[in-house]
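Enquirer: Everything below, folded, please.
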Amino acid sequence: MIPTPMRILCVYAHPDDPEFSIGGSVARWADEGALLTYVIITDGAAGSNQPGQDLRELAETRAQEQRAAAAVLGVQDVQFLGYADGTLESTIELRRTLTRIIRQLRPDRVVCGDPTAVFYGDGYINHPDHRAAAEATVYAVFPSAVTRPIFPDLLTEGYEPHQVRELYISSAMQSDTYIDISATLERKIEALRQHKSQVDPGDGQWVRDWAAETGKAADLPAAEAFRVMKLVQAPVEA
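Expert: Below you'll find the model as predicted:
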């Protein structure tokens with residue numbers, strides 16, 4: 001069991017990214033008493049190639065779907081930053097915004113994607129928004145959130161530095177930690193079903209197969225994988 005109430009901040013580029021990447025783990029952490037916040041950086045308006053699509057309407061639809069999915073998993077708060085979907089960059093302005101959120105919420109754990117991942121196997125090129133979101137989040141965690149002279153305007157706003165204890169990197173090129181999601185896998189599938197404008201998981205079997213394949217590396221029936229950075233080491237007991 002994780003200590004409670006642990007504060008966990010999950011930062012991803014698009015609505016539905018958290019459900020695909022970490023939905024089972026999020027549900028497990030919620031069940032264990034964690035206080036969970038999603039930050040979704042873009043508006044999701046590039047999620048359709050349909051000619052004549054009303055992009056404002058799509059963005060609102062995707063926000064509603066994300067809130068519904070978060071409710072299924074037990075996430076208490078969802079924040080949308082509203083950046084343009086499809087052209088996200090890891091700018092200093094985005095890093096400042098994420099640093100403000102980290103200093104405000106003061107999470108124990110931050111979860112994001114892998115900023116180094118470009119190619120997954122020979123069939124998927126990682127979306128550049130994913131990499132930009134992850135890079136900005138990693139550098140907001142360190143050095144920005146913890147370093148007083150960086151973004152002095154945040155000090156003026158009353159946001160003191162904060163040291164995140166753990167950084168969990170999902171879909172990592174080098175995973176070292178596996179979370180057993182066998183008890184929450186069906187909720188992950190149900191959360192994915194909320195994203196009706198984007199995905200139809202059907203009976204969910206491909207999600208189960210994916211989790212089972214991931215779990216093989218740790219002899220688990222179903223898992224999600226992370227690379228974990230321990231930024232604050234626990235004191236050694238006498």
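
Enquirer: Residue 191 looks like it's in a strand, true?
Expert: No: checked against DSSP: H, G, I helix; E, B strand; the rest coil, residue 191 lies outside a strand; its state is helix.

Enquirer: Would you confirm that residue 175 contacts residue 224?
Expert: No: assessed by CB atoms under 8 Å, residue 175 is found out of contact with residue 224, at 9.2 Å. Backbone N, C-alpha and C define where each C-beta goes, glycine included.

Enquirer: Comparing these two, which residue is more hemmed in?
Expert: With neighbours defined as other CB atoms under 10 Å, residue 175 and residue 224 compare such that residue 224 has more, 28 against 19.

Enquirer: measure that one to residue 213 for me?
Expert: For residue 224, the distance to residue 213 (CB to CB, to the nearest Å) stands at 11 Å.

Enquirer: do residue 106 as well
Expert: In terms of CB to CB, residue 106 sits 36 Å off from residue 213.

Enquirer: Give me the more crowded residue out of the two.
Expert: residue 106 (15 against 11).

Enquirer: Can you tell me the closest non-neighbouring residue to that one?
Expert: Nearest residue to residue 106, sequence neighbours excluded (CB to CB, 6 or more residues apart in numbering): residue 162, at 4.8 Å.

Enquirer: just checking, the one you found touches residue 145?
Expert: Yes: at 5.2 Å, residue 162 and residue 145 qualify as touching, with contact defined as CB under 8 Å.

Enquirer: Find residues that contact each of the two.
Expert: Residues touching both residue 162 and residue 145 by CB atoms under 8 Å, 6 or more residues apart in numbering: 102, 103.

Enquirer: These two - which one has more neighbours?
Expert: residue 145 (26 against 15).
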